[in-house]
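Asker: can you look at this prediction? I've put the sequence above it.
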Amino acid sequence: MIVKPSAEGLAAAAGAAGRRGPPPVHLWNPPFCGDIDMRIARDGTWFYQGTPIGRDPLVRLFASILRLEDGRHYLVTPVEKVGITVEDAPFVAVDIRVTDPGPDQVVTFVTNLGDEAAAGPDNPLHATGDAAAGRITPYIHIRRGLIARVDRKSFYRLVEFAGEQEGWFGLRSSGRFFPLAPASALSA
């Protein structure tokens, strides 16, 4: 008998596996069971069968078993792996904290689901888009290849702590400079 993957089954398996800390999804290698009608919208809202998932603990549970593999996003449990759709990035960075503003600053990003990542060698910051047209979108690495799009208000706050280095506008954090756009494109 073939059992079709469901959100309920995934939630139960993830909950059981994650009782002792974050689930070790990077160690699991279950068979691919097909795609499931789950989508993460650009604004960070999770949908199941076209309906927003309104229970924050359930969304956090699903996010804890999210894995990026060969450019696709999957929910992974010890016994199954199902593909989901991610419109842009699986997370949205909705806030930043800056420790020791200045040359030794550390910029920590907080996601819509409570994950935190300090920009640095392990969590690089990068941007895509057209700087000359004023349309750049920064992203921060959160964990195991998963990224968060930095929301507009957090980007504006980030700009307060950014600067120019070797012809690039960017952010210094954890001893590393992250170029976001050519400085010449921003001054034109």
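Answerer: Yes, it's here.

Asker: only C-alpha atoms for contact and neighbour calcs from this point on.
Answerer: Noted.

Asker: measure the nearest residue to Val79 once chain neighbours are set aside to Ala118 for me?
Answerer: Ranked by Cα to Cα, 6 or more residues apart in numbering and with sequence neighbours excluded, the top spatial neighbour of Val79 is Pro30, at 5.1 Å. According to Cα to Cα, to the nearest Å, Pro30 and Ala118 sit 31 Å apart.

Asker: same check on Asp35?
Answerer: 32 Å.

Asker: any weak-confidence spans in the protein?
Answerer: 1-20, 186-188 (pLDDT under 70).

Asker: ranges for the helices of it?
Answerer: Using DSSP state H, the helices of the chain run over residues 7-17, 56-64, 152-160, 183-187.

Asker: touching, Asn29 and Val82? I think so.
Answerer: No - between Asn29 and Val82 there is no contact under Cα atoms under 8 Å: 11.8 Å.

Asker: who has more neighbours out of the two?
Answerer: Val82 (22 against 13; other Cα atoms under 10 Å).

Asker: correct me if wrong: the more buried one contacts Leu68.
Answerer: No - at 11.5 Å, Val82 does not count as touching Leu68 under the criterion of Cα under 8 Å.

Asker: shared neighbours of these two, which are they?
Answerer: Common neighbours of Val82 and Leu68 (criterion: Cα atoms under 8 Å, 6 or more residues apart in numbering): Tyr74.

Asker: follow-up on the earlier one: give me the more crowded residue out of Pro30 and Ala118.
Answerer: Ala118 (22 against 14).

Asker: and that one, how far from Thr128?
Answerer: 20 Å.

Asker: for Ala181, which non-adjacent residue is closest in space?
Answerer: Phe169 (5.4 Å).

Asker: residues near that neighbour, how many?
Answerer: 20.

Asker: how close does it get to Tyr156?
Answerer: 13 Å.

Asker: cool, and Ile40?
Answerer: Counting by Cα to Cα, the gap from Ile40 to Tyr156 is 24 Å.

Asker: more crowded one of those two?
Answerer: Ile40 (19 against 12).

Asker: Provide a list of residues in contact with that one.
Answerer: With Cα under 8 Å, 6+ apart, Ile40 has these contacts: Trp46, Phe47, Thr85, Val86, Glu87, Ala89, Pro90.

Asker: quick check: the second one vs Arg143, distance?
Answerer: According to Cα to Cα, Phe47 stands 22 Å off from Arg143.

Asker: now do the buried residues in stretch 125-138.
Answerer: By 16 or more other Cα atoms under 10 Å, the buried positions in stretch 125-138 come out as Leu125, His126, Ala127, Ala131, Ile136, Thr137, Pro138.

Asker: Trp46 reaches Pro57, doesn't it?
Answerer: No - the criterion here is Cα under 8 Å, and Trp46 misses it with Pro57 at 11.9 Å.
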